[in-house]
Structures are given as C-alpha cells and as structure tokens.
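>>> model the following, please.
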Amino acid sequence: METEGIHVIAYEDDASRKILSIGEFNNATTDNALNVLKIAENEVMEVNGSIEAINTDRGSQFYPNKKDKNGEADSVFRDYLQSKRIIHIPSRRNNPQTNGKIERWFQEY
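Predicted coordinates for the structure are as follows:
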C-alpha cells in the first residue's frame, strides 16, 4: 500500500488477523518485502509455527510482471518462498477483495 509517498508492507495472519510484521519504506522493493517477511517468519517461529502459504497482490516486489520470450520470469521473492516451501498465492488483478482482510487493515492504518 502507498500513502503520501510512503510504501507500507505488512503481513497478516489469516486466522487471527494479527499483523506479524510491518515496514514503512520510500520504495516498495523486493528486498524490503523479504526483510519484512523474515520478521514475520521469526514471529511465527516463536510459537513453534511456520508460514505455509502467503497471499500477495501482483506488485512487482512480489510477482514478476515481465516475462522473457519463453514466458519465463525471474522473481527473487518467489525463489525465496520456494526455498522455504511457502506456497505463493498471488491475487487476481484488479480484485482487492482477494486480499480483503489486509486491505481492510490498510484502511485503518
């Protein structure tokens, strides 16, 4: 989410709606998204849990928007998720309802 030039990246637990981690940045980059995700992972590990799946929008920090001529695309974010065995569920385009819980939280933020 971007507000007044500040990009906010937050990860919310779907069941409890607890915000596991949040960061404010001048730019929404993959590095920033991964740093905030790693904080969320540590938060979950404190209660002997793990992140099994993650739902994101299709922002370029999460999802590769440009593909090569073979239809392939590199994504550092998705590579990281695969290395941790976390399922990536990108939202449908122009459908904020898919991320409804976090979108509602962003309204309050």
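>>> bridged to Asn55, which residues?
Going by DSSP bridges, Asn55 is paired in beta bridges with Ile89.
>>> remind me, longest helix of the chain?
Longest helix in the chain by number of residues (criterion: DSSP state H): helix 30-45.
>>> quick one: list the elements packing against that helix.
strand 6-12, strand 19-25, helix 76-83 (3 or more Cβ pairs under 8 Å, 6 or more residues apart in numbering; DSSP states H and E). For the C-beta atoms, the positions are set from N, CA and C on the backbone; glycine is no exception.
>>> where does pLDDT dip in this protein?
Counting by pLDDT under 70, the ranges of the chain that qualify are 1-3, 68, 71, 94-108.
>>> as a quick check, tell me the outermost residue of it.
What lies farthest from the middle of the chain is Lys69; by Cα atoms, centre = their mean that is 26.8 Å.
>>> most tightly surrounded among the helices and strands packed on helix 30-45?
Greatest average neighbour count among those goes to strand 6-12 (a mean of 18), per mean count of other Cβ atoms under 10 Å.
>>> tell me the strands beside that one, with direction?
Under the criterion DSSP bridges, strand 6-12 sits next to strand 2-3 (antiparallel), strand 19-25 (antiparallel) in its sheet.
>>> thought Asn55 was touching Ile87?
No: Asn55 is beyond contact range of Ile87, at 9.4 Å (criterion: Cβ atoms under 8 Å).
>>> on that earlier part again, just put the helices and strands packed on helix 30-45 in TSV and tack on distance to Arg92.
TSV is the format used below for these (distance: least, Cβ to Cβ, whole Å):
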stretch	distance to Arg92
strand 6-12	19
strand 19-25	23
helix 76-83	17
